[in-house]
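A.B. asks: Got a sequence here, can you build the structure:
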Amino acid sequence: MGEAAPKAADDLRPAQGNGVAIDFRTEPSRYRHWKLATEGGIATLTLDVDEKAPLLGGYELKLNSYDLGVDIELADAIERLRFEHPEVKVIVLKSGKDRVFCAGANIRMLASATHAHKVNFCKFTNETRNGMEDASEFSGQKYLCVVNGTAAGGGYELALACDHIMLVDDGSAAVSLPELPLLAVLPGTGGLTRITDKRKVRRDHADVFCTTEEGVKGKRAVDWRLVDEVTPRSKLDESVETRAKAIAAKQNGKPDKGIALTPLERTRTADANEYKFVSVVFERDDRLATITLRGPETAPPSSADEMVKQGAAFWPLQLARELDDAILDIRLNELEVATIVFKSDGDAQRVLAYDAFLDANAKHWLAREIRLKWKRVLKRVDMTSRSLVALIEPGSCFAGMLAELIFAADRSYMLIGTMQGDNRTPAAITLGETNFSGVYAMSNGLSRLATRFLGELDSLEAAKTEIGKPLDAERSEELGLVTFALDDIDWDDEVRLFLEERASFSPDGLTGMEANLRFAGPETMETKIFARLTAWQNWIFQRPNAVGPEGALTRYGSGQKPNFDLKRV
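C.D. replies: Reported below is the predicted structural model:
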């Protein structure tokens, strides 16, 4: 359920951040804050927060307010709906509490949390809400939000991630984004961008809305496009049922039987996390985490039915889930890691065979969902505030979907030939069709190679001619697929110097630089949300007007007004 993990025998690492190690693995029987029910093509996700079950302790989750633990459960539920219930076409998102939908992120939690936890909390909740919109666009699972009372701040942002918002019209129910007037901060999960870019709210109306504590209700909320419809409380259940069935009727596709997302197995020691296909090794003195991904042990199955039979153990799906968990663990629990090194080990041709299998079965619901899962995990890698480097060495299997990690990295180093005494196959990169097709597109809507070669269209075309060919280090460097190709004489020293230099720079400066450089090309709603998030959180969340001893976030609920530094900067 996303609880703070106990310091068990297999969790020997020092606690990070707020003094606890956070576990992102959960399943519905362990939920404390959400109830998930399905009936035919309609599912119901009910937010009924247990105020006595905060993730970090020291605050109560009143009025359906949430912390990271609540959102970990939501993210799990969204994922399960896609894999375990592909027959579902509409998800009704509603509150289990009377006359309150959601009061947003818990203020006491935000006030007491470290800066790093606040930023990573907002980043994860953004990714979760983006996942809802991704499910709507690509999986045919539409979200209908039922606002039965107050939807404030992050509560309204949750509604904004849905396809259709229904508001009770009873004179008191309202939607609001009161962060600026109440807390001297801004909506942290895409609220400003979604009201302008998604719901097309007029700028002046948006200005009024975002500076009005009590929010907007009734007919004005519809007129300003803040919600889609209002309904009397006496007709709420009837209206929700009618609307849900109408939305479901528009969705195509036959009912499919899902697969079970079985629990991820992970062995944790003081300096490592071990999964079946992923290993993470920490060198904390060097502020380094090395993630090694292992290729498939067997050939792809003979049919889509066999893929379904393998379920969560199907190599691309299990690997994606393990990598996702490893990245989240580093984000929240290993705050002093400066650099993540990606390595791989296995048979590159077998990796490409799985790519080809997924491509041949692209219309099958499970193959589609596995590719979408990989796209989301790779986006999570893109959004991780660590320096990313890929090391392509003998025996590696950076091909097809795994080659995406090379192109996601800030730097890549490839060994020419082999090391003395090493009889493994020399390093090679093998490109696949998916590296160009946009199947694993970035938040900017382009493939990573198209983003890499924005100003070098000839380079992109040259790389396409090499699809399926094992490319050695010198050819990979010539094609622009890696940053540097190094021989065995220079390898150790060059890599060591890079890692030492990276660990010596300001973490704040690196986060800003990398976030700017990773997202070249077109701007989308996602890139806007994350670019603004990186900028404003790393500024406003450290400003005295918000978090200082006399700031709004600190004094909220105390009866004392904040004392602002009135200079505009």
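A.B. asks: C-alpha from now on. contacts and neighbour counts both.
C.D. replies: OK.
A.B. asks: From residue 173, how far out is residue 160?
C.D. replies: Residue 160 is 16 Å from residue 173, where distance means Cα to Cα, to the nearest Å.
A.B. asks: And residue 523, by the same measure?
C.D. replies: Residue 523 is 35 Å from residue 173, by Cα to Cα.
A.B. asks: Of the two, which one has the most company?
C.D. replies: residue 173 (22 against 13; other Cα atoms under 10 Å).
A.B. asks: My guess is the more buried one contacts residue 148. True?
C.D. replies: Yes - Residue 173 lies in contact with residue 148 (Cα atoms under 8 Å); the separation is 6.6 Å.
A.B. asks: quick one: least confident helix or strand in this structure?
C.D. replies: Least confident helix or strand of the chain, by mean pLDDT, DSSP states H and E, is strand 4-5 with a mean of 40.
A.B. asks: and after that one, which helix or strand comes next?
C.D. replies: Per DSSP states H and E, strand 4-5 leads on to strand 21-22 as the next helix or strand towards the C-terminus.
A.B. asks: next SSE after that next one?
C.D. replies: strand 34-39.
A.B. asks: Relative to that next one, what are the paired strands and their orientations?
C.D. replies: strand 42-47 (antiparallel) (DSSP bridges).
A.B. asks: and the angle from the helix or strand just after the strand it pairs with to strand 34-39?
C.D. replies: Note on strand 42-47: by DSSP H and E, the next helix or strand toward the C-terminus is helix 68-84. In terms of direction (axes from the mean of the first three to the mean of the last three Cα atoms, to 10 degrees), helix 68-84 departs from strand 34-39 by 20 degrees.
A.B. asks: Now do helix 68-84: distance to the chain's middle.
C.D. replies: In terms of Cα atoms, centre = their mean, to the nearest Å, the centre of helix 68-84 is set 12 Å apart from its chain centre.
A.B. asks: Which strands or helices does that helix pack on?
C.D. replies: strand 34-39, helix 115-138, helix 365-382 (3 or more Cα pairs under 8 Å, 6 or more residues apart in numbering; DSSP states H and E).
A.B. asks: Next, format these as TSV and append mean pLDDT, distance to residue 543 and mean neighbour count.
C.D. replies: Below are the helices and strands packed on helix 68-84 laid out as TSV (pLDDT from 0 to 100; distance: least, Cα to Cα, whole Å; neighbours: other Cα atoms under 10 Å):
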stretch	mean pLDDT	distance to residue 543	mean neighbour count
strand 34-39	97	34	16
helix 115-138	94	11	20
helix 365-382	98	27	21
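A.B. asks: Run through who's touching stretch 29-38.
C.D. replies: 1, 28, 43-50, 53, 70, 73-74, 77, 88 (Cα atoms under 8 Å, 6 or more residues apart in numbering).
A.B. asks: Most neighbours among those, please name it.
C.D. replies: residue 70 (28 neighbours).
A.B. asks: and for residue 173 and residue 148, which residues touch both?
C.D. replies: 99-100, 167.
A.B. asks: need the residues you listed in JSON lines with secondary structure, can you?
C.D. replies: Output for the shared contacts of residue 173 and residue 148, formatted as JSON lines (DSSP: H, G, I helix; E, B strand; the rest coil):
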{"residue": "99", "secondary structure": "coil"}
{"residue": "100", "secondary structure": "strand"}
{"residue": "167", "secondary structure": "strand"}
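A.B. asks: shaky segments in the stretch 151-300 of the chain?
C.D. replies: 254 (pLDDT under 70).
A.B. asks: Taking the centroid of this protein, which residue is nearest it?
C.D. replies: residue 127 (3.5 Å; Cα atoms, centre = their mean).
A.B. asks: contacting residues for it?
C.D. replies: residue 380.
A.B. asks: So it versus residue 90, what's the distance?
C.D. replies: For residue 127, the distance to residue 90 - Cα to Cα - is 20 Å.
A.B. asks: before we move on, what about residue 357?
C.D. replies: 30 Å.
A.B. asks: who's more crowded, the two?
C.D. replies: Legend: neighbour count by other Cα under 10 Å for residue 357 and residue 90, higher for residue 90 (27 against 19).
A.B. asks: Backbone dihedrals for the more buried one, please?
C.D. replies: phi -140, psi 130 (degrees, to the nearest 10).
A.B. asks: was I right about it contacting residue 145?
C.D. replies: No - using Cα under 8 Å, residue 90 makes no contact with residue 145, being 10.4 Å away.
A.B. asks: Check whether residue 226 sits in a helix, strand or coil.
C.D. replies: Per three-state DSSP, residue 226 ends up coil.
A.B. asks: OK, contacts around it?
C.D. replies: Residue 226 neighbours (Cα under 8 Å, 6+ apart): 175, 195, 199, 201.
A.B. asks: Going by neighbour count, which of these are buried?
C.D. replies: 175, 195, 199, 201 (16 or more other Cα atoms under 10 Å).
A.B. asks: what secondary structure does the residue nearest to the second one when sequence neighbours are not counted sit in?
C.D. replies: In space, not counting the residues next to it along the chain, residue 195 is nearest to residue 201; the distance is 5.5 Å by Cα to Cα, 6 or more residues apart in numbering. Residue 201 carries the three-state label coil when classified by three-state DSSP.
A.B. asks: what sits against residue 201?
C.D. replies: 195, 224-226.
A.B. asks: Can you tell me the closest non-neighbouring residue to residue 271?
C.D. replies: residue 282 (5.1 Å).
A.B. asks: Direction included, what does whatever helix or strand the one you found lives in pair against?
C.D. replies: Following DSSP H and E, one finds residue 282 within strand 278-283. Using DSSP bridges, the strands paired with strand 278-283 are strand 272-274 (antiparallel), strand 288-294 (antiparallel).
A.B. asks: Distance from the chain centre to it, please.
C.D. replies: 21 Å.
A.B. asks: likewise stretch 501-516?
C.D. replies: That offset, for stretch 501-516, works out to 21 Å (Cα atoms, centre = their mean).
A.B. asks: Stretch 489-506 now?
C.D. replies: Centroid separation between stretch 489-506 and its chain, computed with Cα atoms, centre = their mean, is 29 Å.
A.B. asks: buried residues in it?
C.D. replies: 491, 495, 499-500, 502-503.
A.B. asks: Give me the contact list for that stretch.
C.D. replies: 286-287, 338-339, 387, 413, 415.
A.B. asks: My guess is residue 41 contacts residue 88. True?
C.D. replies: Yes - if you go by Cα under 8 Å, residue 41 and residue 88 touch, sitting 4.0 Å apart.
A.B. asks: Overlap in contacts, these two.
C.D. replies: The contact sets of residue 41 and residue 88 overlap at residue 255 (Cα under 8 Å, 6+ apart).
A.B. asks: picking that back up, out of the shared contacts of residue 173 and residue 148, flag the one nearest to residue 563.
C.D. replies: residue 100 (30.6 Å; Cα to Cα).
A.B. asks: I figured that closest one was touching residue 49, is that so?
C.D. replies: No - contact between residue 100 and residue 49 fails when scored by Cα under 8 Å: they sit 11.4 Å apart.
A.B. asks: overlap in contacts of the two?
C.D. replies: Shared contacts of residue 100 and residue 49, counting by Cα under 8 Å, 6+ apart, come down to residue 64.
A.B. asks: pLDDT value on residue 111, please?
C.D. replies: Per-residue confidence (pLDDT) for residue 111: 88.
A.B. asks: pretty sure it contacts residue 553?
C.D. replies: Yes - using Cα under 8 Å, residue 111 makes contact with residue 553 at a distance of 6.0 Å.
A.B. asks: between these two, who's got more neighbours?
C.D. replies: A direct count of neighbours by other Cα under 10 Å for residue 111 and residue 553 places residue 553 higher, at 25 against 18.
A.B. asks: any idea which helix or strand carries that one?
C.D. replies: helix 552-555.
A.B. asks: Show me which residues of stretch 138-148 are buried.
C.D. replies: In terms of neighbour count (16+ other Cα under 10 Å), stretch 138-148 has its buried residues at 139-148.
A.B. asks: what bridges to residue 43?
C.D. replies: Under the criterion used (DSSP bridges), residue 43 bridges to residue 38, residue 91.
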